[in-house]
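> Sequence below, structure please.
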Amino acid sequence: MVGDHMDPGETPRNRASEYEDESIDLRKLWVTLMRHKWGIITLPLLVAMLVYLYVSTLTPIYRGTSTLLIEPDTGNVVGIQGVDSMSASREYLQTQFELLKSRRLVADVVDQLDLADHPEFDPSQQDAGLIDTAALTDWRGWVTALGLDDFVPVAEPGDDNAGPSTAEQRRQRAIGGLLGRISVAPRRNTHLVDISVEMSDPVAAAEAATAVATTYIERQLQARLDMTEQATGWMSNRMADLKDQLDASERRLQAYVEEQDLVDMDGVTTVEASELSQLNSRLVDARQDFARAENQYQQIAGVTEANWREQATVPVVRSNSLVSEALSAESAARAKVDELSQRYGPRHPTMIEAQDELNAATETLRSQVEQVVASIQQDYELARTNLRSLESAFDDNREAIREVQQKEFRFRELEREVETNRTLYNTFLNRLKETTATADVEDPNARVIENATVSGAPVKPQKSRNALIAGVLAFMAAIGLALLREQFDNRIRGSAEVESKLGMPMLGLLPLQKKVSHRNQIARLFSRDRDKGFSEAVRTIRTGVVLSGLDNPHKIIVVTSSVPDEGKTSLASNLAASLGQMERVLLLEADMRRPSFRRIFEFDQDRPGLADVTAGNATSEQAIQCFDGIDVMACGTTPPNPLELVSSQRFTDLLEKLDQQYDRIVIDAPPVQAVSDPLVLSTHANTVIYMVKSDATPVPLVRKGLERLAEVNAPIAGIVLDHVDVKKSRKYGYGYGYGGKYGAEGYYDYYGYSGPGRS
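Numbers count the residues shown, from 1 in each chain. Sure thing, here's the model as predicted:
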């Protein structure tokens, strides 16, 4: 908000933190890139052009490509896995790719094509191009060119260039050179492989690519023949060992059969197993019978043998049919005796007959009970004896079977050993016969599908592609440099940066006056109304000052800056002229170290000024002169110590007197960073306007000045930007929020340079 004074004790850095925004400002990014657009455009074009020119001087490289089909070895003629076992796995194919680039294979190609003496690999036959890249990177060449070879040794042990090359050295150099020019590229989802060789000679490149493929096939075929011969010799030696092992195992089997007197191992084992099965079935039945007999026996075991009546009550005895009938008969006889005893006496013949029947029934019952009990005891003893007999027989038979099984196990072990040795011997015998019969019928697992042809166009260097890549990289680097420069740029260009970097409101701005050559003319530009935009900018600042003091009018206004040449004097004079259109205004020159009012307003040399009035050597009426509708009091005689002057009671009294005579007093104060005068002057002010030169004054310098004012509780109204380039600001899109868009581009160094335009 315009006129938002900074509270006492609050520093501009704290205020700035309120405006921090960590989000990416795309508009600011675009403005940054547009401001550095010529560098961003020029650097990629220059780099691309240089790369294109450099690449054009390089020797063209041609590529010869032959196509090879590598098939997995699934149909081995020899038929023995492990003699030349090759899977179609990825590892197998990768191994073949490495073999295609092996040094031994390349050495055969070099010898076959006599590449050791080819100019491609012989430096003595090569002509230096327009730019000798080898010489540029060879430090020994630079030492020789500078005449320092007498002091610095340039030859190294084993260096091929240190003297005449031998034939072996040329051969090794050619092998190494060809290795670096060979590339193997498998085609996706196929067994096809492209073998490419890149050389400056297109014919030699095609011949080398074809030679690599054919040499690989020849070496593979020879390797397979060698392995087959080795396998045949190894199998012949192995056959004798296998025959000895087979004979020895057969002898061990026969000796065991004779030692154990074995005739039919399968028959013996079958009979023994059948007998054991029958015994086991009988043993199960016997255990069931014994359990049943033991249960019955346990029921009568608790009753004394003499107490037959109690034995008759045992369920197992009572359930017997004879005992049950005897019990019924005894019950009937006893019922009859009880019935007759009611009518007859004990000696009555009928009663005697009934009693005899009862006794006979009781005797029959006793006899039947004793027979049943004896039968239960007898069954128990028989069941127990039978169970023990069967268990003993089962144990004897099981031990016999275990012995037979042990013999059978050993017999089968020896039999399997014989069969294994016989099978292995027969296998090797058959393979040896097949290998011997097919030793000369080996087929390679690879074949050439397409021989390399002579290329008519080089593949390297790709001028346009390299230049494009270099240009793109340079373009990215240019953008990075621009952003980096912007990141470290601590100058202020717009209102947003005033708020974000300084934490202060902006009162307005003064556009850059390129058509006005002298700074004195700018100080009175508003009064002469030569620039409508400039006048409107001053009115905007005036409005901000007036509106910020509606409740408490700002009668004394101090205008200062961080360092000289930021336009504070121009602002003070033009602001006073603007206020003078409405009020009675006094413009006071308090910058006594660098006074400029005499030049601006063309004062008489002998007219006294502020210093004279304060010292009591003149009156204010003598020092004041009217210009452009306002009263102006210049510095006058330059005092030896301006700080003591403005700090004196006389100055305070003078300011109070003038305050009563004028509606506004605008004081042109010295820079804050140069002297302490503005700190004292700010204590008399109702508001302080801080002037900052756009795109020039460093932010830390402005912050330091604002902090010094904050230390004395100066009522800072806000910031005014000076030297704003309106045309550039509209181009780059800087917004200031005061009816227009302004910007600036430039450089300012307080310690070495001073900006043009105004004091």
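> Would you map the helices across the stretch 651-759 of the chain?
With DSSP state H, counting those that start in this stretch, the ranges of helices along the stretch 651-759 of the chain come out as 677-682, 699-711, 726-732.
> Name the stretch among the ones you listed that sits most buried.
helix 677-682 (a mean of 24; mean count of other Cβ atoms under 10 Å). C-beta here means a position set from N, CA and C on the backbone, and glycine is covered the same way.
> Let me have the helices of the stretch 651-759 of the chain in a markdown table, extended by distance to L69 and mean pLDDT.
Formatted as a markdown table, these follow (distance: least, Cβ to Cβ, whole Å; pLDDT from 0 to 100):
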| stretch | distance to L69 | mean pLDDT |
| --- | --- | --- |
| helix 677-682 | 90 | 90 |
| helix 699-711 | 71 | 89 |
| helix 726-732 | 64 | 60 |
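> Please enumerate the strands of the stretch 401-550 of the chain.
When assigned using DSSP state E, counting those that start in this stretch, the strands of the stretch 401-550 of the chain occupy the ranges 446-450, 506-511.
> Highest mean neighbour count out of those strands?
strand 506-511 (a mean of 26).
> That strand: how far from the chain's middle?
49 Å (Cα atoms, centre = their mean, to the nearest Å).
> Within the sheet, what are the partner strands of it, with directions?
strand 716-724 (parallel) (DSSP bridges).
> tell me the domain ranges of the protein?
Using automatic domain parsing, the domain parsing of the chain gives 12-19+490-732, 36-56+463-486, 62-231+441-450, 265-437.
> Which one, of these, ends up nearest to K243?
Closest approach to K243 among the domains of the chain (Cβ to Cβ): domain 265-437, 6.2 Å.
> Determine the set of other helices and strands touching the helix or strand containing A185.
Using DSSP states H and E, A185 sits in strand 182-186. Counting contacts by 3 or more Cβ pairs under 8 Å, 6 or more residues apart in numbering; DSSP states H and E, strand 182-186 packs against helix 90-100, strand 192-199.
> Show me how far the longest one is from its chain's centre.
Shown here is helix 90-100, whose average C-alpha point lies 31 Å from the average C-alpha point of the whole chain (Cα atoms, centre = their mean).
> Pull out the buried positions in that helix.
L93, Q96, L99, L100 (16 or more other Cβ atoms under 10 Å).
> Same check on stretch 447-462?
V448, A452, S455, P458, K460, P461.
> pull the CA atoms of it into PDB?
Output in PDB follows, covering the C-alpha atoms of stretch 447-462 (Å, rounded to 0.1, in the frame of the first residue of the first chain):
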ATOM      1  CA  ARG A 447      26.800 -68.800 -42.300                       C
ATOM      2  CA  VAL A 448      27.000 -65.600 -44.200                       C
ATOM      3  CA  ILE A 449      23.700 -64.200 -45.200                       C
ATOM      4  CA  GLU A 450      24.900 -61.100 -47.000                       C
ATOM      5  CA  ASN A 451      28.400 -59.900 -47.800                       C
ATOM      6  CA  ALA A 452      29.400 -56.300 -47.300                       C
ATOM      7  CA  THR A 453      29.100 -53.900 -50.200                       C
ATOM      8  CA  VAL A 454      31.100 -50.800 -50.900                       C
ATOM      9  CA  SER A 455      29.400 -47.800 -49.500                       C
ATOM     10  CA  GLY A 456      29.000 -44.700 -51.600                       C
ATOM     11  CA  ALA A 457      28.300 -42.200 -48.800                       C
ATOM     12  CA  PRO A 458      30.200 -41.700 -45.500                       C
ATOM     13  CA  VAL A 459      28.500 -42.400 -42.200                       C
ATOM     14  CA  LYS A 460      30.800 -40.100 -40.300                       C
ATOM     15  CA  PRO A 461      31.100 -37.300 -39.500                       C
ATOM     16  CA  GLN A 462      27.400 -36.300 -39.600                       C
END
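> Just the mean pLDDT for it, thanks.
When pLDDT is averaged over stretch 447-462, the result is 82.
> How far away from the center of its chain is it?
40 Å.
> Need the contact partners of it.
With Cβ atoms under 8 Å, 6 or more residues apart in numbering as the test, stretch 447-462 has contacts from 55, 58, 60-69, 192, 195, 197-198, 202-203, 205-207, 209-210, 213-214, 217.
> again, but for stretch 577-585
524, 526-527, 535, 538-539, 541-542, 545-546, 576, 628-631, 661-666.
> try stretch 336-348
Contacts to stretch 336-348, defined as Cβ under 8 Å, 6+ apart, come from residues T350, M351, I352, A354, Q355, E357, L358.
> Which members of the residues you listed are classed as buried?
Listed as buried from the contacts of stretch 336-348 are M351, A354, Q355, E357, L358; burial here means 16+ other Cβ under 10 Å.
> Y256 is nearest to which of the helices of the stretch 651-759 of the chain?
Using Cβ to Cβ, those put helix 699-711 closest to Y256, at 105.8 Å.
> Determine the set of other helices and strands touching that closest one.
Where contact means 3+ Cβ pairs under 8 Å, 6+ apart, helix 699-711 is packed against helix 12-17, strand 556-561, helix 677-682, strand 687-693, strand 716-724.
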